[in-house]
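Q: here is a sequence together with a model predicted from it:
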Amino acid sequence: MLSSPSGAGKTTLARRLMEADRGISMSVSVTTRRPRPGEIDGRDYVFIDEPAFRRMRDDGALLEWARVFDNFYGTPREPVEAAIAAGHDVLFDIDWQGAQQLSEKMKHDVVRVFILPPSAAALEERLRARAQDPEEVVQRRMDDASAEISHWPEYDYVIVNTDLATSMAGLTAILTAERLRRDRLNGLSAFVREMQKSL
């Protein structure tokens, strides 16, 4: 799971990681917010209206959900469970509220990474540079950044996104290390037993 305040770079890092590693599938969230320029329905988000979102939530079709900046976001259960059953890693680009819910439901399967901006000034500059939100939304995102950042101790790893290449190297190292954890290596016990028989 990647989380960060808006503008810290988690979406860019998520896209780069997906391009670099074909063994990961992206969890595509559903949202009630309007698409931003360049976003594609079904790739970036599944854009739905509020009644449809509430039905999914009430029917248990979401692994997690949250209300963020007057819009709802959630993770559909079925594609995530299917990907995990097929042995794929799933990448989540979600906020701290979603991370908490997923951590409770999938305690032993999650790795939480928090992305921090290099400074408050850099965060504001990034939010303004993307020029996708009106001034009041930018200001609100800046006002909420401190509250979001306060959740960093809940995460397993923290990356300060000063430089994209360095942040990607760190993220890739985390992924490699987590994949090599003994409890995540399916079939390891049987492999070792077979090897011992041959010795």
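A: In hand now; what should we look at? Residues are numbered from 1 along each chain as shown.

Q: run the chain-centre distance for the host helix or strand of Arg141.
A: For Arg141, the element it lies in under DSSP states H and E is helix 135-149. Taking Cα atoms, centre = their mean, to the nearest Å, one finds the center of helix 135-149 at 19 Å from the center of the full chain.

Q: so what touches that helix?
A: 3-7, 69, 95-96, 116, 120, 123-124, 127-128, 133 (Cβ atoms under 8 Å, 6 or more residues apart in numbering). C-beta: built from backbone N, CA, C; applies to glycine.

Q: check contacts around Gly98.
A: Contact partners of Gly98, counting by Cβ under 8 Å, 6+ apart, are 1, 3, 64-66, 73-75, 92.

Q: can you redo those residues as TSV with pLDDT, neighbour count and secondary structure?
A: Converted to TSV, the contacts of Gly98 look like this (pLDDT from 0 to 100; neighbours: other Cβ atoms under 10 Å; DSSP: H, G, I helix; E, B strand; the rest coil):
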residue	pLDDT	neighbour count	secondary structure
Met1	94	25	coil
Ser3	94	24	strand
Glu64	92	26	strand
Trp65	92	22	strand
Ala66	88	18	strand
Tyr73	93	23	strand
Gly74	94	24	strand
Thr75	94	23	strand
Phe92	93	22	coil
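
Q: can I get those residues in a markdown table including distance to Tyr155?
A: A markdown table is the format used below for the contacts of Gly98 (distance: Cβ to Cβ, whole Å):
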| residue | distance to Tyr155 |
| --- | --- |
| Met1 | 8 |
| Ser3 | 7 |
| Glu64 | 15 |
| Trp65 | 20 |
| Ala66 | 16 |
| Tyr73 | 18 |
| Gly74 | 20 |
| Thr75 | 17 |
| Phe92 | 12 |
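
Q: so what's the most centrally placed residue in the chain closest to, chain neighbours aside?
A: Nearest to the geometric centre of the chain sits Asp93, at 2.2 Å (Cα atoms, centre = their mean). Across the structure, with Cβ to Cβ, 6 or more residues apart in numbering as the measure, the residue nearest Asp93 apart from its sequence neighbours is Ala14 (4.7 Å).
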